[in-house]
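# sequence plus the predicted model coming up.
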Amino acid sequence: VIEQLSLIDETAKICLFAQIGHGTRVGPGVFIGVSSRIGDNCTIKESALLDSSTFIGRNTRVGEGTRIYSASIGEANDIGCGCTIQCGVSTQHGCMIGNHVQIQNGCVLESSVRIREGATVGRFTRVGYDASIGNLAIIGDHCHLQANCKVGDEVEIPPFVTVCYGREVRRNTIGAYNKE
């Protein structure tokens, strides 16, 4: 089902049972899988891939070449170019995801999370409200970044770590991390 006033490039491939909301723009070379749903007023840029059963909330932008596999993306999210968002990922509203970010299986991003360019978020990690992850940071599997915490650029957090509410984790001069 394609709603009125949607702009779909003729080279985009839209599979059976996909739904595209009112006023949504789909760029050239985009692939939208079976049973995917895209809300109203979204923008899906060139060569993006939205695999089967992917949900994109209204007013969301998906950047060029981004791949989303069976994930649920909330409203008013901004996803950069060249990202990979794997199966079972869930984002709430207002998240900003930079270019070339990798979000692995089963992650949950609460509202207003910011992830900068080149960062990786490990499997089954939960990122709390208004948390931020810096450029090229690596968050291990099964971590919990609580609300309002900040992870600096190029920081690597090992698996199963909890960063407490409002804390900042940044690199020091020898490459380890400090908690403040």
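It's in.
# count the neighbours of the closest residue to residue 6 other than its chain neighbours for me.
Spatial nearest neighbour of residue 6, excluding adjacent residues (CB to CB, 6 or more residues apart in numbering): residue 24 at 4.8 Å. No exception for glycine: its C-beta is placed from N, CA and C like everyone else's. Neighbour count for residue 24, taken as other CB atoms under 10 Å: 24.
# now do residue 24 against residue 13, distance only.
15 Å (CB to CB, to the nearest Å).
# ditto for residue 151
Look at residue 151 and residue 13: by CB to CB, they are 37 Å apart.
# those two: who's more crowded?
When neighbours are counted by other CB under 10 Å, residue 151 and residue 13 differ, and residue 151 comes out ahead with 28 against 12.
# go ahead and confirm that one touches residue 132.
Yes. Applying CB atoms under 8 Å, one finds residue 151 in contact with residue 132, separated by 7.0 Å.
# list the contacts for the nearest residue to residue 140 once chain neighbours are set aside?
Distances taken as CB to CB, 6+ apart place residue 159 nearest to residue 140, at 3.6 Å, with adjacent residues excluded. Counting by CB atoms under 8 Å, 6 or more residues apart in numbering, residue 159 touches 122, 140, 141, 142, 143.
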